[in-house]
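>>> need a structure here:
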Amino acid sequence: MAGNRGNAENTATHTAVDGSVHKSAFPPFDHSTFASQLVWLAITFAFLYVTISRIALPRVRSLIDARQNTIEGDLAQAMQLKEESNAALSAYEGELASARARAGHRAEAREKVNQAAVEARESLDDNLATRLAEAESRIAARNNGSPSIQLACARARRCINGDRLLLSGVNLFAGTLPATTRQ
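A predicted model of the protein is given here:
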């Protein structure tokens, strides 16, 4: 053990001695190697410059040009599609205006036809009412007030006017005539 202890002391002493003896500068700042370092810097810089300018930059430039061409193509296509959509929109608006105009004309025509139908119906109703009144007066003049004729006229008048319905075999108008005409 004693031998080991002596080695440790020698090592510590040797280290202390070695640390104080070697006081050299950091290699890049050593003035004796400064010229060779500048030569290697120039050689390395030239190599990297040539490599980047001949290999890397053309690839980057081609990527940038391709991207620019893609953007320009997309913009041109977008402008074309915008023009097409504007043309389609104006055509749609024209068709819509035309359809609205046709619908307006059809509505006017429909209104005229409906008005003519109402007038014709009113005229027909007036004509039928006049003819019915004339027929009733002729029948009354011929029969001179016969109760069965009066009953038939009353039933016909109600059927034509739509007041009551006649069902087959059912007398809906019983009791509408004076008691003297019932049998």
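>>> Where do the helices of the protein begin and end?
Per DSSP state H, the chain carries helices over the ranges 2-21, 34-51, 57-143, 147-161.
>>> Packed most tightly, which of those helices would that be?
Highest mean neighbour count among these (mean count of other CB atoms under 10 Å): helix 147-161, with a mean of 15. C-betas here are computed from N, CA, C, even on glycine.
>>> and that helix, what does it pack onto?
Secondary-structure packing of helix 147-161 (3 or more CB pairs under 8 Å, 6 or more residues apart in numbering; DSSP states H and E): helix 57-143.
>>> Give the rounded mean pLDDT of the helix it packs on.
Averaging pLDDT along helix 57-143 gives 91.
>>> Quick one: closest of the helices of the chain to Pro27.
Minimum separation from Pro27 across these (CB to CB) falls at helix 34-51, 8.6 Å.
>>> now the angle from that closest one to helix 57-143?
Calculated by axes from the mean of the first three to the mean of the last three CA atoms, to 10 degrees, helix 34-51 forms an angle of 40 degrees with helix 57-143.
>>> Run the chain-centre distance for helix 34-51.
65 Å (CA atoms, centre = their mean, to the nearest Å).
>>> Distance check, the spatially most central residue of the chain against Asp74.
Central residue of the chain (CA atoms, centre = their mean): Leu89, 14.3 Å from the mean position. Here the criterion is CB to CB, to the nearest Å. By it, Leu89 lies 22 Å from Asp74.
>>> same deal with Arg106?
46 Å.
>>> got it, and Arg142?
From Arg142 to Asp74 the distance is 98 Å (CB to CB).
>>> again, but for Val113
Separation of Val113 from Asp74 (CB to CB): 56 Å.
>>> Phe47 too?
According to CB to CB, Phe47 and Asp74 sit 40 Å apart.
>>> Check Ala87 too.
Ala87 sits 20 Å away from Asp74, going by CB to CB.
>>> Off-centre distance for stretch 70-89?
How far stretch 70-89 lies from its chain's middle: 20 Å, per CA atoms, centre = their mean.
>>> Nothing else from me, thank you.
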